[in-house]
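**Q** Pasting the sequence and the predicted model now:
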Amino acid sequence: MADMKTEDAFVAFERVQKSYDGETLVVKDLNLSMPKGEFLTMLGPSGSGKTTCLMMLAGFETATHGDIRLDGQSINNIPPHKRGIGMVFQNYALFPHMTVAENLSFPLEVRKIGKSDREAKITRALDMVQMGAFAGRRPSQLSGGQQQRIALARALVFEPELVLMDEPLGALDKQLRETLQFEITRLAHDLGITVVYVTHDQTEALTMSDRVAVFDDGRIQQLAPPDQLYEAPENSFVAQFIGENNTLEGVVKEIKGETALIQLDDGELIDAKPVNVAQPGERTRVSIRPERVEYKKDRLSPDAHTLKAEVLEFIYMGDIFRTRLRVAGREDFVMKCRNAPDQTRLKPGEQLEIGWLPQDCRALDA
Ligand SMILES: Nc1ncnc2c1ncn2[C@@H]1O[C@H](COP(=O)(O)OP(=O)(O)O)[C@@H](O)[C@H]1O
Ligand SMILES: [Mg+2]
C-alpha cells in the first residue's frame, strides 16, 4: 500500500504545496496515495496543515503547487458538487431552520434526485445512525451527539465514494466520542467508502484508522498503520507525539549492523537500534516505551547494558503499575508493569538495574 503507484490511487496528493499569503508554505511537500476503501487519518498538532489539506481535497481551497487527483482525474477539472465527496465538521453545520429530514434532503436535491428516491435514501441514512425517529425535529431540539449523528447521515445520504471528516467528534464527551468512533468505522467499512479523517487525538487515530499520516509543520512525518507508528517511529517527532515515551540523549559511539552503542550524556553506555542516525559522533535521542523497560534480571539478556535507576514514585493504576525513576540524570523516566501475581510493588528510594531489548530502544534524530 505504501508504495502504491499514484496512478492506481483513488486519492492522490502529488508534491502539493499551499501558501495563503504568497510567502509562507503551510503545506510544504505533500505526497499521499490512498486506495479505494481505505480509512486514513491525518493526525497532528494544531496548525500543522491538516484542515488545509482537507479543504484542498474538497475543492474549497486550491493548491499553490502540485496536483491532487481523485480516481485518476485532476480535481481542478471537476466542480465540487460532482466530486462525490461527503463532509462532516466539528461544529455539525446543520441548517438550523430546517428539520432533520430537510437537512438530509438538501444534498439530494442539489444532485437532482427525485422525491420518492429522496425519501427512501433519507430513511435509510437515518436508520444507519439510529436516528429514524427524529426526522421531524429541528437541530436545536437535539443533543450534541444526536446532531453529530445527523451531520454524519447528511454526509452519507447521497452515497459518496469519499467522505472527509474534520475533527467531527471534538466537541463531544469521552463516552459519546468512543461510541461514535466505533459507529463511524463500522459504517465506513460496511459501505465500502474511502475516508480521510482529521484529528489531533492520537487514541482516536490509532483505534479508527487503516493508516495514519502524522503531520507536523506542513509535512507528513510518517505514514503507517497504527501498530507500526507506535512500535517503529521513524523520527523523534513521531516517537514523542504518539503514545508515552522515554527519551535519553547522547552520542553515537559505534554502529554494528542492527546495533548502535550510545554514550549517554552522563557517560553511561546503552545499546540501541540505529533508526535515524548514520554515523559515530552524531548526537541522538533514544526512545524507549515505558512498557518495554525491565528490571528483573531473568527477563534481560546477560550481556545487555543496564542502567542504574532509583524509584521516585510508584503509582498503582489497577491494571498496571506505573513507576517514575531517576535514570541517567533525568527524573521523568517511566516504567510500566502489568499487574501480575508475581509483580512487586516498588517503593520510593529502591535502587534498580533497568534494561531492555536493544530492538526496543530506538536511536533517533537529536
Ligand atoms: N484561510 C486561511 N488564511 C490564512 N492562513 C490560514 C488559513 N487557514 C489556515 N491558515 C494557516 O495555515 C496553517 C495551517 O492551518 P490548518 O490547516 O488549519 O491546520 P490544522 O488543521 O492542522 O490545525 C496555520 O498556520 C493557519 O494559521
Ligand atoms: Mg484543523
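**A** Structure's in. What do you need? Residues are numbered from 1 along each chain as shown. Ligands and ions are numbered 1, 2, ... in the order given.
**Q** domain parsing for this protein?
**A** Taking automatic domain parsing as the reference, the chain has its domains at 6-231, 244-365.
**Q** Any idea which of those domains gets closest to ligand 1?
**A** In terms of CB to the nearest ligand atom, the element of these nearest to ligand 1 is domain 6-231, at 3.2 Å. For the C-beta atoms, the positions are set from N, CA and C on the backbone; glycine is no exception.
**Q** Next, format the domains of the chain as CSV and append distance to V238, mean neighbour count and mean pLDDT.
**A** Output for the domains of the chain, formatted as CSV (distance: least, CB to CB, whole Å; neighbours: other CB atoms under 10 Å; pLDDT from 0 to 100):
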stretch, distance to V238, mean neighbour count, mean pLDDT
domain 6-231, 5, 18, 92
domain 244-365, 9, 16, 93
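**Q** In TSV, list those along with distance to F237.
**A** Conversion of the domains of the chain to TSV gives the following (distance: least, CB to CB, whole Å):
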stretch	distance to F237
domain 6-231	5
domain 244-365	9
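**Q** Just put these in a markdown table and tack on distance to ligand 1.
**A** Listed next are those as a markdown table, based on distance: least, CB to the nearest ligand atom, whole Å:
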| stretch | distance to ligand 1 |
| --- | --- |
| domain 6-231 | 3 |
| domain 244-365 | 22 |
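**Q** Could you point out the longest helix of this protein?
**A** Ranked by residue count, the top helix of the chain under DSSP state H comes out as helix 174-191.
**Q** what about it, distance to the chain center?
**A** Distance, stretch centre to chain centre, for helix 174-191: 15 Å (CA atoms, centre = their mean, to the nearest Å).
**Q** can you check stretch 40-59 too?
**A** With CA atoms, centre = their mean, you get 12 Å for stretch 40-59.
**Q** can you pull the contacts of the nearest residue to S209 once chain neighbours are set aside?
**A** Of all residues not flanking S209 in the chain, T41 sits nearest, at 4.1 Å (CB to CB, 6 or more residues apart in numbering). Contacts for T41 (CB atoms under 8 Å, 6 or more residues apart in numbering) come out as V196, Y197, V198, T199, E204, A205, M208, S209, R211, V212, A213.
**Q** cutoff 7 Å now
**A** Neighbour list for T41: Y197, T199, A205, M208, S209, V212 [criterion: CB atoms under 7 Å, 6 or more residues apart in numbering].
**Q** and what of M335?
**A** Contacts for M335 were tallied using CB under 7 Å, 6+ apart; they are P290, V293, T323, L325, I354.
**Q** For it, name its beta-bridge partners.
**A** The bridge-partner assignment for M335, based on DSSP bridges, gives T323.
**Q** how much space between it and G47?
**A** M335 sits at a distance of 33 Å from G47 (criterion: CB to CB, to the nearest Å).
**Q** just checking, next helix/strand downstream of the helix or strand harbouring the residue nearest to S209?
**A** Using DSSP states H and E, T41 sits in strand 39-43. Next helix or strand after strand 39-43 toward the C-terminus (DSSP H and E): helix 50-58.
**Q** Just the strands from the stretch 51-200 of the chain, written as ranges.
**A** Listed in chain order, the strands of the stretch 51-200 of the chain (DSSP state E, counting those that start in this stretch) span 65-70, 73-74, 85-89, 162-166, 194-199.
**Q** Which residues does the first one contact?
**A** Counting by CB under 7 Å, 6+ apart, strand 65-70 makes contact with 11-17, 56-57, 74-75, 78, 83, all of which sit outside it.
**Q** what's the offset of that strand from the middle of its chain?
**A** With CA atoms, centre = their mean, you get 23 Å for strand 65-70.
**Q** Give me the nearest residue to M34, chain neighbours excluded.
**A** V11 (4.2 Å).
**Q** ok, now which ones touch the one you found?
**A** M34, L57, L70, L162, T194, V196.
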